[in-house]
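Student: Sharing a model prediction with you, sequence too.
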Amino acid sequence: MQDPDLELLIKAAQSSGEIATGFAMDRLKKWDKDEGAGPVTEADLAVNAYLEDTLQAARPDYGWLSEETEDSEARLKKSRAFVIDPIDGTRSFIEGSTTWAHSIAVVEDGRPIAAVVYLPLRQKLYSAALGQGATLNGKTIMASRRSKLEGSELLAARPAFEPHHWKSAPPDLKRAYRPSLAYRLALVAEGRYDGMLTLRRSWEWDIAAGALLITEAGAQVTDRKGADLRFNKSDPASNGVVASSANIHAELIKALA
């Protein structure tokens, strides 16, 4: 029997995809947020409004944290909260790419318990519930079991491989990249890559759903120092994100400066 929160998230994600893809890109209204926080579009706000109305109506006792909603300390008093990025990869969305995603999670006492990462233009719906495994379009996925760091293939932005981020020279790793952080985490959960890392401050709404996919697929995820990720914090960010095969995770963390 499917977890009721996960069932709710899946339906909400699918409807979000219909809303986002319904916008005419040649007439899309877009602007830059204050303080260099990146672009936002009317599609981001429309999806956010739909999710906020739908999810909070279904679970009025849950808190709410979203990239596109002004934050409120009221969520800190809730044991469960939605953690939402209406469109992760807004720049990709604006450019007409297919790699943007809806990232939707429920967290309980700091831990994700239900999660969906949905890429409507790639028809890829990743989902997970705590203790029930992770799936892609309903089929179970498992993360890489790679046991050797050297030669591993990691998703990371190019600056992450600059020498000052490593205790010695960066390991001999193969690098790839996807703009959406949620999608990067999902690809590691799927076993397409051995790991991913971002060494920048990372917002909870970008990583909460992907973090559960990672652990339910048998991999490991922490911040850049190896500390467990916690969610629905007063400061809703982490000190980077490192996710990988459980067999290489400690070695990867140890190699970072």
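Tutor: In hand now; what should we look at? Residues are numbered from 1 along each chain as shown.
Student: Just list what the element among helices and strands of the chain having the smallest mean pLDDT packs against, helices and strands only.
Tutor: In the chain, the helix or strand scored least confidently by mean pLDDT, DSSP states H and E is strand 30-32, which has a mean of 87. Strand 30-32 sits against strand 39-41, with contacts defined as 3 or more C-beta pairs under 8 Å, 6 or more residues apart in numbering; DSSP states H and E. For glycine as for every other residue, the C-beta is placed from the backbone atoms N, C-alpha and C.
Student: which residues are in contact with the strand it packs on?
Tutor: Applying C-beta atoms under 8 Å, 6 or more residues apart in numbering, the contact partners of strand 39-41 are 23, 28-33, 68, 87, 90-91, 93-94.
Student: Put together a markdown table for those residues, with neighbour count and distance to Lys254 on each row.
Tutor: Listed next are those as a markdown table, based on neighbours: other C-beta atoms under 10 Å; distance: C-beta to C-beta, whole Å:
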| residue | neighbour count | distance to Lys254 |
| --- | --- | --- |
| Phe23 | 16 | 45 |
| Leu28 | 13 | 45 |
| Lys29 | 10 | 47 |
| Lys30 | 15 | 42 |
| Trp31 | 8 | 43 |
| Asp32 | 10 | 39 |
| Lys33 | 12 | 36 |
| Glu68 | 20 | 37 |
| Ile87 | 26 | 35 |
| Thr90 | 23 | 34 |
| Arg91 | 13 | 33 |
| Phe93 | 27 | 37 |
| Ile94 | 17 | 38 |
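Student: Ala208 is in contact with Ala128, correct?
Tutor: No: Ala128 is beyond contact range of Ala208, at 11.2 Å (criterion: C-beta atoms under 8 Å).
Student: hey, what's in contact with both of the two?
Tutor: With C-beta under 8 Å, 6+ apart, Ala128 and Ala208 have common neighbours Ala115.
Student: give me every residue that touches Val47.
Tutor: Listed by C-beta under 8 Å, 6+ apart, the contact partners of Val47 are 16, 19-20, 86-87, 102.
Student: follow-up on the earlier one: paired strands for the least confident helix or strand of the chain, with orientation please.
Tutor: strand 39-41 (antiparallel) (DSSP bridges).
Student: Identify each buried residue in the strand it pairs with, please.
Tutor: 40-41 (16 or more other C-beta atoms under 10 Å).
Student: Alright, I will stop here.
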